[in-house]
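Undergrad: Need a 3D model of the following:
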Amino acid sequence: MWAKIVAIDFFTVPTIRLQVLFVFLVTEHQRKKVRHFGVTEHPTAAWTAQQLVEAFSDREDKHYLIRDRDSIYGLEFRGRVQSLGIKEVLAAPRSPLQNAYAERLIGSIRRECLEHVVVLSRRHPCRLLKGCFACYHRSRTHLALAKDTPEPRAILRRGEIIAIPQVGGTPPL
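TA: The predicted model follows:
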């Protein structure tokens, strides 16, 4: 069941030019992976529906989609969800804890990535988020995954600890 649950949500990113960019996230519950993301200045139901198609273009199995009751998920979006064979699960009004995986991921993205930079343009958060998600998938451990990362890796029980520079980190000495 966990393998078939995904959550979607939007969050905003301010730019140096006082614009507000909207980031759309699609996350999988089972492995805590970010399946897809998109950045736009003006989200519409059509754009959001297209992002969902891109996220599920390689999958044929049915999924459950957890989302909030935002007005951006209009008729066109709901029609596209039905055409993909996905069942929607709506969170109760003003209940962010019912979409906890997406909300927690957004908080992590803000704290660990976006609060440390000034976003310059629409392409800038795309590059930042790609690097952030690469680190998140390969290096960030989760208690729910038995201290594994979203992309499974071999666990060494003994040996030397090797620093891997990621997300603009300093190289090892």
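
Undergrad: Show me what counts as buried in stretch 142-157.
TA: Thr149, Pro150 (16 or more other C-beta atoms under 10 Å). To be clear about C-beta, it is placed using only N, CA and C from the backbone, and glycine gets the same treatment.

Undergrad: swap that for stretch 14-25, please
TA: Buried, per 16+ other C-beta under 10 Å, within stretch 14-25: Thr15, Leu21, Phe22, Val23, Phe24, Leu25.

Undergrad: what sits up against the helix ranked longest in the chain?
TA: Looking across the chain with DSSP state H, the single longest helix is helix 123-138. If you take C-beta atoms under 8 Å, 6 or more residues apart in numbering as the criterion, helix 123-138 is touched by 13, 15, 21, 23, 33-34, 37, 39, 108-109, 112-114, 117, 119, 149-151, 153, 166-168.

Undergrad: Ok, stretch 38-50 next?
TA: Around stretch 38-50, the neighbours that count as contacts under C-beta under 8 Å, 6+ apart are 10, 13, 19-24, 51, 54, 72-77, 79-81, 122, 125-126, 129.

Undergrad: end to end, how far does it reach?
TA: With C-alpha to C-alpha, to the nearest Å as the measure, stretch 38-50 spans 10 Å from end to end.

Undergrad: distance between that stretch and the chain's centre?
TA: 15 Å (C-alpha atoms, centre = their mean, to the nearest Å).

Undergrad: tell me the mean pLDDT for that stretch?
TA: Per-residue pLDDT over stretch 38-50 has a mean of 94.

Undergrad: how about that stretch: buried residues?
TA: Neighbour counts over stretch 38-50 (16+ other C-beta under 10 Å) mark Gly38, Val39, Pro43, Ala45, Trp47, Thr48, Ala49 as buried.
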